[in-house]
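Q: need a structure here:
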Amino acid sequence: MFPEWSFDVGAGSSNSFTDIGGKGWEGKDIFTDVQLSTTKIDYTFFVEYRNRTRMGYVLSFNYGKLSGSDALSPNTSRTARNNSFTNKIYELGFKHKFYFPINIYRNGWYYQEPLQFYLFYGIAGFYHNPKLVDPSGEYKPKKSFSKIQPTIPLGMGIHYTFEKHLRIGFDVAWRMTFTDYLDGFTTEYSNRMDSYAFSSFTIGYAISKNKYKKRVTDTKPKFKLKVF
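A: Reported below is the predicted structural model:
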């Protein structure tokens with residue numbers, strides 16, 4: 001049934017976890033700190049090679065815009081600071097997927113269950129150039145920082161493949177970074193790195209000899225012990 005190649009495009013949401021914006025507490029790298037009002041659109045394209053039932057290897061490109069605003073935060077210290085930022089992310093990366101597949105046996109043939117779940121991790125690099133605005137106007141960071149940074153995507157997803165190999169899916173992934181300048185801003189009190197997340201609805205096409213079938217009552221004959 002393998003190998004299998006698939007080509008997918010998609011669009012979804014992009015969010016940031018930085019020192020600027022967020023909810024009513026100090027910034028945290030968790031989805032409960034998402035400032036939904038500053039959510040932007042992200043776009044993705046990826047190619048996947050799957051050589052075994054449980055493993056997939058993905059080369060992907062993502063473009064997304066991040067933003068945050070202290071004025072929209074219920075945290076009074078952030079509101080008083082009144083900074084805001086935007087940042088365009090151009091990300092190229094590799095991901096390793098772990099599938100939880102179910103094979104179907106029917107009439108002497110094995111088929112792939114069309115609904116597939118997976119987890120993934122990876123390594124990527126991104127280019128960014130944050131634009132930070134404070135109450136006095138354009139802000140200039142006190143220290144220089146590289147506009148090219150590494151990141152580690154961690155996520156999960158699901159996709160459904162029709163019998164003609166058309167595929168639709170959804171995935172979400174948090175990106176751990178090694179910079180505190182995703183928003184172009186840092187303080188001497190900051191003790192964590194910034195991060196961001198992309199989620200995407202995707203559509204694509206799979207090229208393989210796999211046969212995808214809906215789960216129905218399998219017709220594999222039951223085992224019978226014959227004495228005579």
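
Q: per-residue confidence for the spatially most central residue of the chain?
A: Closest to where the C-alpha atoms of the chain average out (CA atoms, centre = their mean) is Ala173, at 3.0 Å. pLDDT recorded at Ala173 is 95.

Q: which residues touch the nearest residue to Trp5 once chain neighbours are set aside?
A: Spatial nearest neighbour of Trp5, chain neighbours left out: Ile207 (4.6 Å); criterion: CB to CB, 6 or more residues apart in numbering. All C-beta atoms are positioned from the backbone trio N, CA, C, and that covers glycine. Contact partners of Ile207, counting by CB atoms under 8 Å, 6 or more residues apart in numbering, are Glu4, Trp5, Ser6, Phe7, His165.

Q: tell me the contacts of the closest residue in space to the last one that isn't next to it in sequence?
A: Distances taken as CB to CB, 6+ apart place Ala206 nearest to His165, at 4.5 Å, with adjacent residues excluded. Ala206 sits next to Glu4, Trp5, Ser6, Thr161, His165, Arg167 when contact means CB under 8 Å, 6+ apart.

Q: for those, which one is nearest Lys147?
A: Set against Lys147, the nearest of those by CB to CB is Ser6 (31.8 Å).

Q: relative to Phe117, how far out is the closest one?
A: Distance of Ser6 to Phe117, computed by CB to CB, to the nearest Å: 16 Å.

Q: which residues in the protein form strands?
A: Ranges of strands in the chain, per DSSP state E, are 4-17, 40-52, 55-69, 84-99, 103-106, 109-112, 115-127, 131-134, 137-138, 148-161, 166-177, 195-207.

Q: quick one: closest of these to Thr187.
A: Closest to Thr187 of the strands of the chain is strand 131-134 (CB to CB; 12.4 Å).

Q: how far does that closest one sit from the chain's center?
A: Distance of strand 131-134 from its chain centroid, counting by CA atoms, centre = their mean, to the nearest Å, is 26 Å.

Q: and for stretch 191-207?
A: Counting by CA atoms, centre = their mean, stretch 191-207 is centred 2 Å from the centre of its parent chain.

Q: and what of stretch 14-22?
A: On CA atoms, centre = their mean, the centre of stretch 14-22 falls 16 Å from that of its chain.

Q: good, wrapping up.
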